[in-house]
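Colleague: only geometry, no sequence info:
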Ligand SMILES: Nc1ncnc2c1ncn2[C@@H]1O[C@H](COP(=O)(O)OP(=O)(O)OP(=O)(O)O)[C@@H](O)[C@H]1O
C-alpha cells in the first residue's frame, strides 16, 4: 500500500499538468479561431449540435407539406382549418384580415403567420406547431408552405394513430358547418388560387326553370353526394360532370351558384383560356380541394376544345410562332382536348373526391364531339328561354305576387316569343314596387320583341330563299338540338 502511494503523482504535479493542458487547449482554440473562417465555424457548430440533438433529443417532428404525391395534401388542409381553433394564450402573433364587404363590422378572420408557435394539448401530451414558409425565387412558382409538429418521441405513435384522425374529423365538422362559401380564381402571375367570399343569392327555389328539371337536378346531386360507397365499389372516381348549354341570360351561372349553395361546396372558377398548357392544367386542377365545384365557363371559346381547333395552329403558323421555344405565356399552346379529357374521364380524373365539374357554353354545337360522348359529361342540361312556369317564379321573386289577370296574356306571349329569364327579370325589376305597371311593361316589351322577330323572320326567309336558289336547294338543315330541352344521361 505504501509503495502504491509512493507511485501516485503528487498534488503539485497534477496541478501543473492541468495548467499546461488548459494552456494548450486555449492555444489551439485561438489558433482555430484565427485560421477557420466564421461561416465554417458556424457550419461545424450547427452540424455538431444537430448530431447531438439527433441522438440525444427526446423530440420528434412531423412535417406536412402542401402537396402530397402530385395532388393537394388533405392533411395540410385539415391542419389549416384546425389550427386557428387552437390559438391560445401562448400564441404571440396572428394574421388578421377580412374580405367580407357585406359585414364590415364583423370580427376579422384569423390566420397563422409563419414561424408562429401554436401549442395544443391532446390526451395529456403537449404538441407544438409552427408554419414555415419558404419564399420562391421564381414568380411563377408558389411559395413552399409546411407545417411542423413537434412532440415527444414516445408520443409519436399516439399522434399518428389518434391525433391526426382527430384533426381530420374536427376540420370536417368545421367545414360542413361553414356558413360562408368561397369562390376561387386562378392567378396565373402568382401561380395560385385566390379566394373571395361567395355570397350569391341564387337558390333552386328562386330559379326560373321547369319544376321537373329542377327536381331532377336536385335528386341527381343528392344521389351523387350520398353514393361514396357506390363509386368505390364500382371503381369509379367520385365525381360528376354537368354541361349547361343555352343562350346567354338563361341562368347557367345562376344554376351553378344554386348548386354551390345547395351542396355547400366552394367554387373554383377557372378561366380556361389563360391556362398555358396541359402540364399547367394538371398543376392547377390538382391544387383544388375535395367537396368543390370546378367551373369552366364558355368552354366553346377555347379554340383547342372547339371543333375548330385547327384554327389556332394556322393562326400561329401565319404569325411565324411555330418552332419558337421562348414563347411567353400569352401565346403558349394552351390546353389540348386530350389534356382536358384526361381530367374528365382519364387517369387523372380519380385525383380527389366529391368533385363536381361544370362546363357552360352558349354554343354546344361548337364543341368537339369527343367532349360530348357518353361518359364524358354525365348530365347535359339545356337552359332554355323563359316558359310560363319560369315567368311565374320570377313574378313571385321580383314582385311578390303569385297570380294576376295579366298572367294569361303574358303566358300567351312567352309561348311565342323567345325571351330569356334575364330579360324578363330585368323588365320586372324596373317597377318592382308597382306590380301592375311592371306586368304592363313586360307585355309591351314582349310585343315589341314579337314584332321585331316577325320582321327578322321575313328577312331571314328571303335570304334563305336566295341562298337556296344559289345552291339549287340541295342543303339540309341540321337539327337544332338546343331547342329540344333534353337531358342526356350516361
Ligand atoms: N333561370 C333563371 N332564374 C332566375 N333568374 C335568372 C334566370 N336566368 C337568368 N336570370 C337572371 O339574369 C341574370 C343573368 O343570368 P345568368 O348570368 O345566370 O345567365 P347565363 O346563362 O349564365 O348568361 P351568360 O351565358 O351570358 O353567362 C341573373 O343574375 C339572374 O338575375
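Modeller: Thanks, I have the structure now. Model, not experiment: these values are computed from the prediction.
Colleague: so what's residue 291 up against?
Modeller: 175, 263, 265-266, 353-354 (CB atoms under 8 Å, 6 or more residues apart in numbering). In short, each C-beta sits where N, CA and C put it, glycine included.
Colleague: The residue in the chain that the ligand sits nearest to: neighbour count?
Modeller: The chain approaches the ligand most closely through residue 251 (2.7 Å), counting by CB to the nearest ligand atom. Counted with other CB atoms under 10 Å, the neighbours of residue 251 add up to 23.
Colleague: Same check on residue 226?
Modeller: 9.
Colleague: for it, phi and psi?
Modeller: phi -90, psi 10 (degrees, to the nearest 10).
Colleague: One more: residue 360?
Modeller: According to degrees, to the nearest 10, residue 360 has phi -120, psi 150.
Colleague: Between the contacts of residue 291, which sits nearest residue 24?
Modeller: Closest approach between the contacts of residue 291 and residue 24, by CB to CB: residue 175, at 65.9 Å.
Colleague: Compute the distance between the closest one and residue 262, please.
Modeller: Separation of residue 175 from residue 262 (CB to CB, to the nearest Å) stands at 16 Å.
Colleague: got it, and residue 371?
Modeller: Residue 371 is 25 Å from residue 262, where distance means CB to CB.
Colleague: Between the two, tell me which one has more neighbours.
Modeller: More crowded of residue 371 and residue 262, by other CB under 10 Å: residue 371, with 22 against 16.
Colleague: Touching, that one and residue 343? I think so.
Modeller: No. Look at residue 371 against residue 343 with CB atoms under 8 Å: they stay out of range, at 11.8 Å.
Colleague: and the residue nearest to residue 192 when sequence neighbours are not counted, what does it touch?
Modeller: Of all residues not flanking residue 192 in the chain, residue 142 sits nearest, at 4.9 Å (CB to CB, 6 or more residues apart in numbering). Taking CB under 8 Å, 6+ apart as the criterion, residue 142 is in contact with 136, 190-192.
Colleague: go again using 7 Å as the cut-off
Modeller: 136, 191-192 (CB atoms under 7 Å, 6 or more residues apart in numbering).
Colleague: Neighbour-wise, which one of these leads?
Modeller: Neighbour max across the contacts of residue 142 (other CB under 10 Å) = residue 191, 18 neighbours.
Colleague: how close does it sit to residue 142?
Modeller: 5 Å.
Colleague: ok, residue 21 to residue 28 distance?
Modeller: Distance of residue 21 to residue 28, computed by CB to CB: 11 Å.
Colleague: An error on my part: the question was meant for residue 257.
Modeller: 75 Å.
Colleague: more neighbours, these two?
Modeller: residue 257 (22 against 10).
Colleague: where does the stretch 201-350 of the chain have low pLDDT?
Modeller: The model of the stretch 201-350 of the chain has pLDDT under 70 over residues 302-333, 346-350.
Colleague: Which residue ranges of it form strands?
Modeller: Using DSSP state E, counting those that start in this stretch, the strands of the stretch 201-350 of the chain run over 239-245, 266-269, 292-296.
Colleague: Which of the ones you listed sits closest to residue 81?
Modeller: Among the strands of the stretch 201-350 of the chain, strand 266-269 comes nearest to residue 81, with 12.3 Å by CB to CB.
Colleague: and the closest one, what does it pack onto?
Modeller: strand 181-187, strand 292-296 (3 or more CB pairs under 7 Å, 6 or more residues apart in numbering; DSSP states H and E).
Colleague: Let me see the mean pLDDT of the longest one.
Modeller: Along strand 181-187, the predicted local confidence has a mean pLDDT of 89.
Colleague: which stretch of helix or strand covers residue 455?
Modeller: Using DSSP states H and E, residue 455 falls within helix 435-470.
Colleague: I misspoke; the intended subject was residue 380.
Modeller: Assigned by DSSP H and E, residue 380 belongs to strand 379-382.
Colleague: can you tell me if that strand touches the ligand.
Modeller: No. Counting by CB under 6 Å from any ligand atom, the ligand has no neighbours in strand 379-382; the shortest distance is 11.3 Å.
Colleague: strand partners of that strand, parallel vs antiparallel please.
Modeller: Each strand paired with strand 379-382, and its direction, by DSSP bridges: strand 239-245 (parallel), strand 487-489 (antiparallel).
Colleague: Can you name the residues of the stretch 201-350 of the chain sitting close to the ligand?
Modeller: So the stretch 201-350 of the chain meets the ligand at 207-209, 248-254 (CB under 6 Å from any ligand atom).
Colleague: Show me how to select, in ChimeraX, the buried members of the residues you listed.
Modeller: The buried subset of these, as determined by 16 or more other CB atoms under 10 Å, is captured in ChimeraX by this line:
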select :207,208,209,249,250,251,252,253,254
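Colleague: and the residues of the stretch 201-350 of the chain next to the ligand as CSV, adding distance to residue 196?
Modeller: As requested, these are arranged in CSV below (distance: CB to CB, whole Å):
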residue, distance to residue 196
207, 23
208, 26
209, 27
248, 24
249, 24
250, 25
251, 22
252, 20
253, 15
254, 18
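Colleague: If we only consider the residues of the stretch 201-350 of the chain next to the ligand, which is nearest to residue 87?
Modeller: Once CB to CB is applied, the member of those that ends up nearest residue 87 is residue 253, at 37.3 Å.
Colleague: Return the most buried member of the helices and strands packed on strand 266-269.
Modeller: Each of the helices and strands packed on strand 266-269 was scored by mean neighbour count; the highest is strand 292-296, a mean of 22, by mean count of other CB atoms under 10 Å.
Colleague: on contacts alone, who are the packing partners of that one?
Modeller: If contacts are counted by 3+ CB pairs under 7 Å, 6+ apart, strand 292-296 sits against helix 252-263, strand 266-269, strand 355-361.
Colleague: Make a markdown table from those and add distance to residue 437 to it.
Modeller: Listed next are the helices and strands packed on strand 292-296 as a markdown table, based on distance: least, CB to CB, whole Å:
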| stretch | distance to residue 437 |
| --- | --- |
| helix 252-263 | 25 |
| strand 266-269 | 37 |
| strand 355-361 | 34 |
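Colleague: what's the most buried one of those?
Modeller: Of all the helices and strands packed on strand 292-296, strand 355-361 has the most neighbours on average by mean count of other CB under 10 Å, namely a mean of 24.
Colleague: avg pLDDT for the helix or strand immediately after that one in the chain?
Modeller: Counting by DSSP H and E, the next helix or strand C-terminal to strand 355-361 is helix 369-372. Helix 369-372 shows a mean pLDDT of 83.
Colleague: buried set for helix 369-372?
Modeller: Applying 16+ other CB under 10 Å to helix 369-372 flags 371-372 as buried.
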